[in-house]
Each structure stands twice: as C-alpha cells, then as structure tokens.
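Student: Sequence isn't available, so here's the structure alone:
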C-alpha cells in the first residue's frame with residue numbers, strides 16, 4: 001500500500017515538472033519572438049469611449065484575434081475589479097501586450113493596448129495612459145451616437161497629439177444608425193467619415209480590419225534602448241505576495257531584474273525583483289525595453305510611494321537627466337466621514353480600511369474624531385463617481401457595521417491678512433464669531449458637458465439652474481441631440497446630480513465634467529442642534545440661498561428618527577447662531593390628575609403647576625441620547 005502511495009506521488013511530481021517546463025518554454029518562446037521585433041514595429045494605443053459603448057468587449061475581440069486569449073474564454077479581461085464588471089466602468093488603468101503577424105508582409109508587430117478609465121474623476125490616470133500612447137480608437141455607439149464622455153476624452157486625447165481612428169460599434173443592433181454616427185463623428189470631431197470603421201465587437205463582425213489600420217495610422221514610439229533609462233509610472237496596484245506592482249511606459253533605455261531604480265520625485269532607490277509583460281496576466285521577461293508598456297515589481301512595500309506620473313531612472317546613471325513632464329499629485333475633491341456603528345470595533349476596522357485603500361492610492365485616509373459618532377476616518381476621493389464606487393465597496397463589505405456621512409467638497413477660505421485655508425470637514429468651517437477675519441469664501445466649480453435628446457432640453461436647463469448652474473454653451477447636433485455646457489458648483493454635483501439628470505431625461509442624458517477651479521461664493525455653515533447641542537456629524541456647508549429650504553428639510557427628517565422624551569425637545573437648524581428652521585418633539589405626558597375628584601379645581605391646578613416645573617427642570621438638565629441608528633438612518637437617506 002505504501003509503495004502505491006509513493007508511486008502515485010512520484011507520478012504527480014513528474015506531471016508538475018511537465019507543467020512548469022511547458023510554462024517556461026512558452027515564456028521563452030514569447031520572449032524570443034518579442035526580442036526579434038524592431039522598435040518601428042511597436043504600436044501603443046488606447047480606446048476612447050463613453051460608458052457602455054463596448055470598450056471592454058472590443059478589447060476582448062482584439063485579444064482573441066492576436067491569440068492572447070482563447071475565443072469565448074473570458075469576458076472583460078481588462079476589468080479586474082468586481083465594481084468594474086458590475087457597473088460597466090473602468091476604474092484602474094490596465095495594459096495588455098499583443099503580438100500580431102501581418103499576413104501581407106509576414107512581419108511581427110508588438111501592440112500595447114492601454115485600457116484607460118473614461119470618467120473625469122480618474123482624469124489623472126487617463127492623461128498618464130494617453131501619454132504612453134501614439135494613438136487611440138475613438139469608439140462611438142451606432143445606436144446612441146456621440147455622448148458627453150466621448151467628447152471630453154476626445155478633447156483630452158486630441159490636446160495630447162494622439163492619432164485618432166473612429167470606430168462605429170454595435171452595428172448589429174436593430175436601432176443602429178451608422179450614417180447618423182458617422183455624421184456626428186464628422187461634425188463634432190472633424191474626422192473624415194471615410195476613416196470610420198463600422199464593427200460589432202459583440203459578434204466580431206469586421207473587427208479584423210482594426211489592427212491593420214492601427215499599424216498603418218498610429219506612429220511607433222520615438223524612444224531608443226541605447227539612451228539612459230527613463231520610465232513613466234502609469235499606474236500601480238498592491239499584490240499581497242510581492243507588494244507593489246508598477247505599470248510603466250519605458251520611454252528610453254531598458255530595465256532588467258536586479259537593476260537599481262531611482263524615483264525622480266521621492267529620490268528613493270528600489271531593487272527590481274521582476275519585469276515582464278501583461279499577456280493578459282503577468283508574464284515574466286528577462287528585460288523590457290524602450291517603447292514597451294510593461295510591469296515592474298520594485299520591492300516596494302508602501303503603495304503611497306508609487307506616485308502616478310513619476311519618472312524612474314537607473315541609479316548611478318541618472319546624472320543630468322530631467323524627469324518626464326506631467327507629474328502632479330492627485331487632489332481629492334470629495335470627502336466623506338466613515339465611522340464604525342459599534343465604537344469598540346474601531347481597531348479591527350482600521351486594519352480593514354488600510355487594506356481597502358492599498359489598491360487605490362488616489363483615496364486619502366486620515367483618522368478623525370466626532371463628538372456624536374466617536375473615532376472614525378476621513379476619506380478623500382478624486383470626484384463624485386470615485387466616491388460612489390468606493391462607498392459601494394464599503395457598504396457591500398461592511399453593511400450596517402459602518403456609518404457614512406454625506407459627501408462634502410473642499411472650500412477655500414481667504415483671510416484678510418492674505419492667508420488661505422482649505423477646509424474639507426464642515427465641522428472645521430469658521431464659527432460665526434471668527435468670520436470677521438475672513439475676506440471671502442470660495443467653492444470649487446466644474447465645467448459640466450451634457451448630451452441630451454432635444455425634447456428634454458428645457459427640463460435639463462431647469463435642473464441646472466436649480467443647482468446654481470450658469471450656461472456657457474448650447475449646440476444642436478445633427479442627430480436631434482443637444483450638447484449643453486454649464487458651470488456648476490461641485491457641491492451640487494455630489495448631491496446625486498447625475499441621478500436627477502437621468503431621472504428627468506428617462507436615462508437618455510450623459511454627463512462628463514472637468515475642474516474649473518475655485519470661485520467666490522456666499523456659503524455658510526449650517527448646524528443641526530438638538531436641545532441647543534450641535535451635532536457635528538450632521539453639520540453641512542451650503543449656499544445661503546438654500547439655507548431656509550435645506551434647514552426645514554433636515555429638521556423635519558431628523559425628527560422622524562428621534563424618540564419621545566419626558567421633556568420637550570427642540571431640533572433647530574442654525575446659521576451664524578440664527579435659527580432658520582425648527583421642529584419640536586412634544587414631551588411624553590403623564591396624566592397626574594387621573595385620581596382627582598372632578599370638583600377639586602385648586603388641587604388640579606397645583607398638580608399641573610408642579611408637573612410643569614418638573615418638566616422645565618428636566619429640560620434644563622436632561623440630555624438627549626441619540627442612537628447611532630438614528631444617525632445611520634438619516635445619513636443613508638441623505
């Protein structure tokens with residue numbers, strides 16, 4: 001029996017060795033094939049598209065055509081996060097290398113598809129990804145036409161000098177209107193309609209015509225392997241086994257295992273543990289060279305050190321080299337507070353929170369304390385979609401265990417002495433008695449681009465004006481769609497503006513926006529007080545014109561979640577110590593006169609007076625205990 005067991009164990013070991021050997025042979029075959037491809041046969045490109053126009057499906061078809069994946073073997077290969085697959089959006093930049101053999105010339109071409117987020121919240125990652133590319137596929141849905149995100153990303157790609165190839169997708173749909181989509185491409189983007197390729201990414205129809213066009217129209221990278229190393233950090237993520245994995249665009253030079261890299265911005269030195277290409281998952285190589293978009297494992301433990309847009313040099317050969325342009329630190333523009341529903345779980349949840357932000361270094365995390373909710377965290381995000389995606393992840397993972405405050409934006413306070421301060425927490429906004437030192441208050445604005453069907457223009461304009469928007473442009477497109485541009489305060493945008501826009505246009509509108517800087521504004525801090533005690537978790541900053549209506553709404557709603565007390569409870573909304581709205585919870589009453597004879601009027605009055613005095617004393621000394629459930633229910637509906 002023991003011999004049988006040994007024999008079976010020996011067979012299994014041989015099988016394992018065969019698998020390892022096959023993997024190594026496969027790796028070497030790919031490596032040797034890439035080594036023979038000259039730099040002029042490299043093509044780096046991305047796909048520019050609006051949400052749900054078929055970007056991930058087209059990526060899958062291209063990977064199948066070049067043999068990277070088996071036909072039908074996977075869906076949305078480049079959408080690695082669960083939230084990306086669920087919501088049909090790209091949050092993290094990804095890349096994949098493809099080797100294409102041109103049937104006419106029998107030459108091999110190395111193609112790098114850099115998959116970029118489309119939404120403005122991730123614009124920093126988008127611009128880094130575009131900087132790695134020589135061109136882009138401009139994807140337009142044949143049934144929907146050009147939409148807001150397509151327009152915004154087109155302008156960004158065009159401004160960065162990318163060669164654009166228009167692709168009309170979803171031509172297999174019954175409602176597809178190919179001539180309409182081509183007209184829009186011609187009129188909106190001034191690209192010749194003859195250049196448009198009509199395809200169906202879902203069925204694979206005509207997709208094979210795209211790659212020859214990429215080779216013909218998109219220029220090869222301009223770097224050289226003989227020059228000193230310069231590599232641009234496009235993105236990074238955290239792997240629990242190897243630490244930080246960096247996605248880099250090698251502009252000049254080459255990177256090998258064991259090489260020392262120097263960060264241009266942090267001046268830290270790292271030892272390269274592994275280099276390779278994404279094919280579609282990590283495939284280790286002996287070296288990566290100029291023109292490639294590939295991964296590096298630098299032995300970095302802290303993801304905060306991986307600064308998107310940073311330049312890496314070879315340590316010791318970096319003298320006199322200048323960093324590549326375009327580096328900037330991500331600036332969080334939407335903030336929310338997170339608190340454990342049970343204060344005793346803070347330490348356990350703190351570890352979970354730290355792990356959750358490892359894979360998204362754009363999220364800032366800082367501890368904060370609230371008088372009402374205890375210890376918690378202040379989370380900063382790039383924008384409203386970024387906050388919404390992360391909030392969804394928190395709620396999915398923690399559910400009722402966590403209380404999330406309403407999203408807020410950073411406000412700028414300019415003092416009379418010329419100094420400035422950015423306030424990210426409404427509770428930190430200057431109190432009324434300190435306001436006389438302030439020269440002016442400023443709030444962030446955005447340039448919003450919307451595409452809506454003609455019949456909804458009136459309702460959308462009303463919605464924008466109700467949200468303090470100012471119209472800057474209105475353009476009627478050839479397809480009955482209207483392109484609207486408005487300047488809107490970011491604070492209004494985070495208040496589910498996109499949800500309201502979808503609601504009033506039956507889901508046909510699309511929205512994209514970009515930062516328009518800070519502008520002077522008449523903003524005030526509104527405190528929600530219960531029996532004169534301000535509730536810091538419910539403090540908000542808003543425009544003075546909305547104070548009355550918002551104050552009334554807040555006090556009316558918060559009243560629903562408070563219990564009756566033995567004394568009268570006043571819920572007030574205050575601005576600069578002035579009450580703008582009030583609701584009262586009447587005291588629970590006990591009938592102290594029930595045992596009295598009906599005729600004993602003096603005794604009746606005496607008992608009622610004594611009860612009145614007792615209630616007054618209770619109100620003066622009593623405290624209202626507000627349950628965490630009340631905050632949670634109020635904030636969830638907020």
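Tutor: Looks like it arrived, so ask away. Predicted model only: the values in this text are computed from it and were never measured.

Student: can you map out the helices along the stretch 301-450 of the chain?
Tutor: Assigned by DSSP state H, counting those that start in this stretch, the stretch 301-450 of the chain shows helices spanning 346-356, 384-398.

Student: Worst mean pLDDT among the ones you listed?
Tutor: Among those, helix 384-398 has the lowest mean pLDDT, at a mean of 75.

Student: Next, the buried residues of that one.
Tutor: For helix 384-398, the neighbour count (16 or more other C-beta atoms under 10 Å) marks 384-391, 394, 398 as buried. Every C-beta, even on glycine, is put in place using the N, C-alpha and C of the backbone.

Student: report the angle between the axes of that helix and helix 346-356?
Tutor: On the basis of axes from the mean of the first three to the mean of the last three C-alpha atoms, to 10 degrees, helix 384-398 is oriented at 130 degrees to helix 346-356.

Student: Show me what helix 384-398 packs onto, helices and strands only.
Tutor: helix 82-87, strand 334-340, helix 346-356, strand 374-381, strand 402-404, helix 497-504 (3 or more C-beta pairs under 8 Å, 6 or more residues apart in numbering; DSSP states H and E).

Student: quick revisit: tabulate the helices of the stretch 301-450 of the chain in JSON lines, adding columns for distance to residue 336.
Tutor: As requested, those are arranged in JSON lines below (distance: least, C-beta to C-beta, whole Å):
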{"stretch": "helix 346-356", "distance to residue 336": "13"}
{"stretch": "helix 384-398", "distance to residue 336": "6"}
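
Student: I'd like to know which of those helices is closest to residue 128.
Tutor: Between residue 128 and the helices of the stretch 301-450 of the chain, the shortest gap by C-beta to C-beta is with helix 384-398, which sits at 15.9 Å.

Student: tell me which helix or strand of the chain sits lowest on mean pLDDT?
Tutor: Ranked by mean pLDDT, DSSP states H and E, the weakest helix or strand in the chain is helix 82-87, scoring a mean of 46.

Student: Outside of whichever strand or helix holds residue 582 itself, which residues are in contact with it?
Tutor: Assigned by DSSP states H and E, residue 582 belongs to strand 578-585. Outside strand 578-585, the residues within contact range by C-beta atoms under 8 Å, 6 or more residues apart in numbering are 526, 547-548, 551-552, 554-556, 558-559, 562, 564-565, 568-574.

Student: Just the buried ones from these?
Tutor: Buried subset of the contacts of strand 578-585 (neighbour count, 16+ other C-beta under 10 Å): 526, 547, 551, 554-555, 558, 562, 565, 569-574.

Student: Within its sheet, name the partner strands of the stretch of helix or strand residue 112 belongs to and how each one runs.
Tutor: Assigned by DSSP H and E, residue 112 belongs to strand 108-115. Here strand 108-115 has these sheet partners by DSSP bridges: strand 42-48 (parallel), strand 94-101 (antiparallel).

Student: Other residues contacting that strand?
Tutor: 33-34, 36-37, 41-47, 55-56, 59, 62, 66, 78, 90, 93-102, 129, 132-133, 211, 214-215, 234, 291-293.

Student: and if you look at stretch 333-347?
Tutor: Residues outside stretch 333-347 that contact it (C-beta under 8 Å, 6+ apart): 349, 353, 368, 370, 373-384, 386-387, 391, 394, 400-410, 424-425, 444, 490, 494, 515, 537, 628, 632.

Student: Show me where the stretch 351-500 of the chain dips below the pLDDT cut-off.
Tutor: For the stretch 351-500 of the chain, residues meeting the criterion pLDDT under 70 lie at 359-361, 399-400, 432-435, 479.

Student: and with 90 instead?
Tutor: Where the stretch 351-500 of the chain drops to pLDDT under 90, the residues are 351-408, 415-418, 424-439, 448-455, 475-483, 493-500.

Student: Neighbours of residue 337, how many?
Tutor: 23 (other C-beta atoms under 10 Å).

Student: no, scratch that, I was asking about residue 287
Tutor: Residues contacting residue 287 under the criterion other C-beta under 10 Å number 18.

Student: can you pull the contacts of it?
Tutor: Residues in contact with residue 287 (C-beta under 8 Å, 6+ apart) are 254-257, 275.

Student: which of the residues you listed are buried?
Tutor: Using 16+ other C-beta under 10 Å as the burial test, the contacts of residue 287 include 254-255, 257, 275 as buried.

Student: CSV please, covering these and showing distance to residue 115 and secondary structure.
Tutor: Formatted as CSV, the buried ones among the contacts of residue 287 follow (distance: C-beta to C-beta, whole Å; DSSP: H, G, I helix; E, B strand; the rest coil):
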residue, distance to residue 115, secondary structure
254, 24, strand
255, 22, strand
257, 26, coil
275, 20, strand
